[in-house]
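Participant: sequence-free structure coming up:
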C-alpha cells in the first residue's frame with residue numbers, strides 16, 4: 001500500500017524511532033540581588049558580596065529574610081543545575097530606605113539626600129566574584145546611572161519645595177560582543193566596592209543598592 005503523496009512533494013522524511021528524553025526552554029530573564037546599608041554605615045574601603053543570599057534567607061545587610069523585592073535567587077550564589085545564563089547587561093539602582101530596611105524613601109531635592117546618592121554613584125565599583133577570580137565590571141556611574149543624579153523639583157511658595165532624585169533609568173553596562181556565561185552549578189557573586197574617599201551613609205536614612213543582571217537563559221525539561 002503506497003502512502004498518498006502530492007505530485008512533486010519528494011520523499012517522506014524519516015520518523016525517529018524514539019521520543020526525545022528532554023527539551024530545552026529558552027527566554028530572557030533578569031537575576032537581581034540587593035545590599036542594604038543602614039544609616040551611619042561606613043562605606044570607605046568596604047566590599048560587599050551580593051547574589052549570595054537566597055530568597056527568604058537573612059543577609060546582605062537585612063535583619064529579616066530577603067523578599068521578592070530584594071532578590072529572585074532560589075539558591076545562594078549558584079546557578080541551578082540544568083540551567084544556564086548568558087548575561088549581556090548589568091544595571092544598578094540606588095534606593096533610599098528606612099532604618100528597618102523598608103525601601104520606601106525617595107531621594108528628594110534636599111542637599112543631604114542628593115549628596116548621599118552622588119556618594120554611591122560616584123564612588124561605587126561593581127566586580128564579578130568567581131571565588132578564585134575577580135573581574136572588574138565598571139563604576140556604578142556606568143551601570144544604570146544614566147547621566148548622574150536626575151529628577152524633578154517643585155517649588156511651593158506656601159511651603160518647602162519637593163521633588164525626587166534618582167540615578168537615572170535605562171542606562172546599563174552592556175556586554176556588546178562577549179556576554180558573561182554562567183553555566184549550571186556556577187558559583188558567583190557581585191562585589192559592590194567603595195574607595196577610601198567614600199563618605200558614610202547619612203544618619204537620617206539608609207540606602208539599598210539593587211544590582212540587576214539581564215540575560216538569556218536555557219533550561220532542560222526532562223520528559224522521560
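Facilitator: Done, it's in. What you see is a predicted model; the values in this text were computed from it and never measured.
Participant: and the gap between residue 65 and residue 57?
Facilitator: For residue 65, the distance to residue 57 equals 6 Å [CB to CB, to the nearest Å]. Placement of C-beta: from N, CA and C, glycine included.
Participant: kindly report the same for residue 191.
Facilitator: Distance from residue 191 to residue 57, by CB to CB: 19 Å.
Participant: go on, residue 30?
Facilitator: Distance, residue 30 to residue 57, using CB to CB: 20 Å.
Participant: residue 188 too?
Facilitator: 17 Å.
Participant: of the two, give the one with the bigger neighbour count.
Facilitator: residue 188 (19 against 15; other CB atoms under 10 Å).
Participant: check contacts around that one.
Facilitator: Remark: with contacts taken as CB atoms under 8 Å, 6 or more residues apart in numbering, residue 188 is in contact with 51, 77, 78, 79, 128, 129, 130, 131, 182.
Participant: pLDDT wise, what is it at?
Facilitator: On pLDDT, residue 188 comes in at 94.
Participant: what's the answer for the one 3 residues further on, then?
Facilitator: Confidence at residue 191, expressed as pLDDT, is 97.
Participant: and it, what element?
Facilitator: strand 189-194 (DSSP states H and E).
Participant: that strand pairs with which strands, parallel or anti?
Facilitator: Using DSSP bridges, the strands paired with strand 189-194 are strand 47-50 (antiparallel), strand 124-129 (antiparallel).
Participant: now render those strands as CSV, adding mean pLDDT and mean neighbour count.
Facilitator: Formatted as CSV, those follow (pLDDT from 0 to 100; neighbours: other CB atoms under 10 Å):
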stretch, mean pLDDT, mean neighbour count
strand 47-50, 97, 18
strand 124-129, 96, 20
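Participant: tabulate those strands (TSV), appending distance to residue 105.
Facilitator: Output for the strands paired with strand 189-194, formatted as TSV (distance: least, CB to CB, whole Å):
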stretch	distance to residue 105
strand 47-50	20
strand 124-129	19
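Participant: could you tell me which ranges of this protein sit under the pLDDT cut-off?
Facilitator: Within the chain, the stretches with pLDDT under 70 are 1-23, 100, 145-149, 155-161, 166-170, 220-224.
Participant: mind listing the helices for it?
Facilitator: 111-123 (DSSP state H).
Participant: show me where it has its strands.
Facilitator: 22-37, 47-50, 83-97, 124-129, 134-139, 150-154, 162-166, 173-174, 180-182, 189-194, 206-222 (DSSP state E).
Participant: of all those strands, which one comes closest to residue 200?
Facilitator: Nearest to residue 200, of all these, is strand 22-37, at 9.1 Å by CB to CB.
Participant: what's the closest of the strands paired with strand 189-194 to residue 35?
Facilitator: In terms of CB to CB, the element of these nearest to residue 35 is strand 47-50, at 4.9 Å.
Participant: roughly how far is the closest one from the heart of the chain?
Facilitator: How far strand 47-50 lies from its chain's middle: 13 Å, per CA atoms, centre = their mean, to the nearest Å.
Participant: what do you get for stretch 182-196?
Facilitator: The answer for stretch 182-196 is 11 Å, by CA atoms, centre = their mean.
Participant: and it, what's buried?
Facilitator: 182, 186, 187, 188, 189, 190, 191, 192, 193, 194 (16 or more other CB atoms under 10 Å).
Participant: possible to save these as CSV with distance to residue 91?
Facilitator: Formatted as CSV, the buried residues of stretch 182-196 follow (distance: CB to CB, whole Å):
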residue, distance to residue 91
182, 17
186, 20
187, 22
188, 17
189, 17
190, 12
191, 16
192, 13
193, 17
194, 19
